[in-house]
Each structure stands twice: as C-alpha cells, then as structure tokens.
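S.K.: coordinates only, sequence not included:
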C-alpha cells in the first residue's frame with residue numbers, strides 16, 4: 001500500500017464500524033478509493049452508517065464472537081471480492097463494575113468480544129491473506145493494556161491479552177508475508193466513554209479521526225517495512241503514563 005494509486009484495489013474489513021472509531025476509520029479509508037466492509041453486531045446502524053459515507057462501502061451484520069457468522073462473512077468476502085487486504089479489529093465493549101459486582105455473564109461477554117473476536121476474525125482471515133501472500137491485520141488495543149484502574153478488570157484482562165495475542169500473531173503471520181500491528185489508543189471522543197462517563201472532561205480526549213489517521217499511516221508503510229506497535233494518545237489525558 002506504499003503508493004496511493006494502489007488503494008483503490010484494496011478490500012478492507014472493519015469491525016465495530018457503525019460508530020465511533022470504526023466509523024472514523026471507515027470514512028478515512030473510503031476516501032482512498034478502497035472497498036470498505038463495515039461490520040457491526042448492530043446491522044441497521046451499520047447499514048445507516050455505510051449509506052451516509054462516500055465511496056465503495058458495504059455493511060454486514062457480524063457478531064465477532066460468533067464463529068459461524070465470522071466464517072460466513074469471510075466466505076462472502078472471498079466469493080464477492082476474491083481477496084482481503086486489511087482486517088481492522090476495532091470492536092470492543094466494557095462494563096464499569098467492580099469485580100465483586102460484575103456478573104459472570106458480563107465477564108464472558110466482554111472477553112468474547114474483545115479477545116475471542118479478534119482471534120476468530122484473524123483465524124478466518126489468515127487463509128485468504130496467506131493464499132494471496134499479502135495482507136495486514138490491525139488490532140486496536142488501549143492504554144488499558146499497559147496499566148490498570150478500578151472497575152475495569154475484564155477490559156484490562158482482554159486488552160492485555162489482545163496485546164500478547166497480537167505479538168504472537170505477528171510472529172506467525174509474517175511467514176506468509178502478512179503484517180500485524182497493534183494500535184494502542186488513548187481516550188477518544190466517542191460514545192464508548194460518553195455513555196459510561198457523562199461527566200468526563202472531553203477537552204482531554206482525542207478525536208477518533210486522529211487514531212484513524214495513525215492506522216492509515218501504518219497501512220501506508222513500504223512493503224518491506226512494518227510497524228508492529230504504535231501508541232497514539234491525547235496530549236493531556238492521563239491514562240498513560
């Protein structure tokens with residue numbers, strides 16, 4: 001993807017793309033002329049988002065924790081486009097509760113989306129990319145993978161786990177000329193935070209488009225180079241360090 005003229009031939013899948021960072025990523029990458037497949041568990045919202053975007057956008061319902069659905073989507077992409085160049089694992093959830101008050105079902109739901117999901121999408125995207133001997137998987141992580149705070153145990157566990165998984169995935173995928181990158185993002189001005197922390201100081205958060213631009217930068221590296229990990233933070237936010 002080192003030359004802009006090559007973007008128009010790329011097929012990109014973004015998870016959790018109906019809003020927030022996923023929407024920002026999709027918006028930016030559609031401007032390159034790429035085909036962007038917006039997937040989200042909320043099908044109607046994904047369709048609505050795709051319809052408002054300019055470019056070659058397609059919306060598909062996909063629960064990243066549902067193995068059968070992930071397999072179906074990957075089969076559809078292979079059949080419809082014959083390739084998959086970029087997978088961006090952006091979908092993520094959290095529940096703000098102490099360990100004592102968190103339901104086991106809530107823990108399972110968070111781990112299923114945040115950790116099982118990227119495993120499943122990578123597992124079923126890799127054969128397509130290996131066949132074409134090219135591809136790039138980007139896992140959106142969080143500063144929660146580097147430190148801890150209260151009422152976020154499951155989120156921390158999944159993000160620490162996803163960072164480790166990403167490093168392991170990097171070592172395996174490069175054997176088939178596939179790049180893997182972890183993007184560690186600090187707090188963003190999205191409903192992911194606003195819905196749980198309505199009084200949060202928004203002036204100390206970053207525009208999700210800034211993170212999307214970082215992802216685009218990672219994807220634009222020359223064929224022989226890869227950025228295995230990058231961190232992008234709001235200057236005044238204190239989640240790290």
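M.R.: The structure has been received and is ready for your questions. Please read these numbers as outputs of a predicted model, since none were measured by experiment. Numbering: from 1, shown residues only.
S.K.: Neighbours of the nearest residue to residue 16 once chain neighbours are set aside, how many?
M.R.: Spatially, and ignoring its direct neighbours in sequence, residue 16 is nearest to residue 91 (3.1 Å; C-beta to C-beta, 6 or more residues apart in numbering). To be clear about C-beta, it is placed using only N, CA and C from the backbone, and glycine gets the same treatment. Each residue near residue 91 was counted by other C-beta atoms under 10 Å, and the total is 25.
S.K.: Over to residue 203?
M.R.: Quick note: residue 203 (other C-beta under 10 Å) scores 9 neighbours.
S.K.: With adjacent residues omitted, what lies nearest to it?
M.R.: Using C-beta to C-beta, 6+ apart, the nearest residue to residue 203 is residue 236, at 7.4 Å.
S.K.: correct me, but that neighbour touches residue 187?
M.R.: No. Here residue 236 does not reach residue 187: they are 10.0 Å apart, not a contact under C-beta atoms under 8 Å.
S.K.: overlap in contacts of the two?
M.R.: residue 204 (C-beta atoms under 8 Å, 6 or more residues apart in numbering).
S.K.: re the thing from before, would you agree the residue nearest to residue 203 falls within a strand?
M.R.: No. Applying DSSP: H, G, I helix; E, B strand; the rest coil, one finds residue 236 to be coil, outside a strand.
S.K.: okay, residue 236 and residue 187: which has more neighbours?
M.R.: Applying other C-beta under 10 Å to residue 236 and residue 187 shows that residue 187 carries more neighbours, namely 22 against 10.
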